[in-house]
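# have a look; sequence and predicted model below, questions after that.
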Amino acid sequence: MTDHDDLPAPRVGLVITHFLTVRDVAVSREFYAGIFGGQVVLAENPAIVRIANSWIILNPGGGPTPDKPDVVLTPPRPGDPVSAFLNVRVADIAAFYADARAKGAEFLTEPIDRKAELRCYLRDPDGYLIEIGQATGMLHGVFADRSPTAD
């Protein structure tokens with residue numbers, strides 16, 4: 001039985017969740033619950049994993065529906081450009097990195113010092129990009145260099 005207090009259903013105001021279109025709900029559900037220490041609050045239709053103060057909603061793709069008539073949901077394909085990603089902030093990136101690697105997470109690089117923060121990236125089973133970051137310099141007014149393409 002699902003505890004309704006664990007669902008992203010506010011009594012007042014709003015909450016923000018993140019919906020991911022996935023190929024295999026069970027695989028993705030276990031990834032997010034395992035790597036991030038999430039609590040599975042609903043196993044399917046859709047799967048909902050509560051992580052810290054947020055929720056990840058996982059469901060297979062599909063075609064248009066009456067409430068989104070021109071929208072097709074699909075997970076990313078290898079090589080697809082990235083236009084959005086999860087940004088996870090941690091208190092201790094070294095500890096998170098070591099723990100996640102021990103659980104099977106594969107990172108693109110080790111954490112890198114970007115002046116404002118330490119950060120690294122990993123991908124979930126569907127290829128979604130996830131940034132893991134720890135605020136460091138920004139807590140003292142030190143920020144990353146501007147991108148040469150930024151206006």
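Now that the structure is in, tell me what you want to look at.
# okay, CA-based contacts and neighbour counts for the rest of this
OK.
# who's in contact with the one helix or strand residue 131 maps to?
Using DSSP states H and E, the element containing residue 131 is strand 129-135. Strand 129-135 is contacted by residues 82, 85-93, 116-124 when judged by CA atoms under 8 Å, 6 or more residues apart in numbering.
# name the residues of that strand that are buried.
For strand 129-135, a neighbour-count test (16 or more other CA atoms under 10 Å) marks 129-130, 132-135 as buried.
# can I get that strand in CSV, CA atoms only?
C-alpha atoms of strand 129-135 as CSV (Å, rounded to 0.1, in the frame of the first residue of the first chain):
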residue,chain,number,x,y,z
LEU,A,129,22.7,13.0,-18.4
ILE,A,130,22.9,13.6,-14.6
GLU,A,131,25.2,16.3,-13.2
ILE,A,132,26.5,15.7,-9.7
GLY,A,133,27.8,18.9,-8.1
GLN,A,134,29.0,20.2,-4.7
ALA,A,135,29.1,24.0,-4.1
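# which residues in the chain form strands?
Ranges of strands in the chain, per DSSP state E, are 18-22, 39-42, 47-51, 54-60, 86-89, 112-113, 117-123, 129-135.
# show me what the fifth one is packed up against.
For strand 86-89, the helices and strands in contact under the criterion 3 or more CA pairs under 8 Å, 6 or more residues apart in numbering; DSSP states H and E are strand 129-135.
# domain ranges for the protein, per the record?
1-73, 76-151 (automatic domain parsing).
# now do the helices in the chain.
25-35, 93-102 (DSSP state H).
# adding mean pLDDT, write the ones you listed out as JSON lines.
Formatted as JSON lines, the helices of the chain follow (pLDDT from 0 to 100):
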{"stretch": "helix 25-35", "mean pLDDT": "98"}
{"stretch": "helix 93-102", "mean pLDDT": "98"}
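# could you single out the most deeply buried of the ones you listed?
The highest mean neighbour count among the helices of the chain, using mean count of other CA atoms under 10 Å, belongs to helix 25-35: a mean of 18.
# picking up where we left off before, and residue 18, which of the helices of the chain is closest to it?
Among these, helix 25-35 comes nearest to residue 18, with 12.1 Å by CA to CA.
# now residue 47, nearest residue through space, not along the chain?
Leaving aside its sequence neighbours, residue 47 sits nearest to residue 58 (CA to CA, 6 or more residues apart in numbering; 5.0 Å).
# my bad, residue 7
Spatial nearest neighbour of residue 7, chain neighbours left out: residue 41 (6.7 Å); criterion: CA to CA, 6+ apart.
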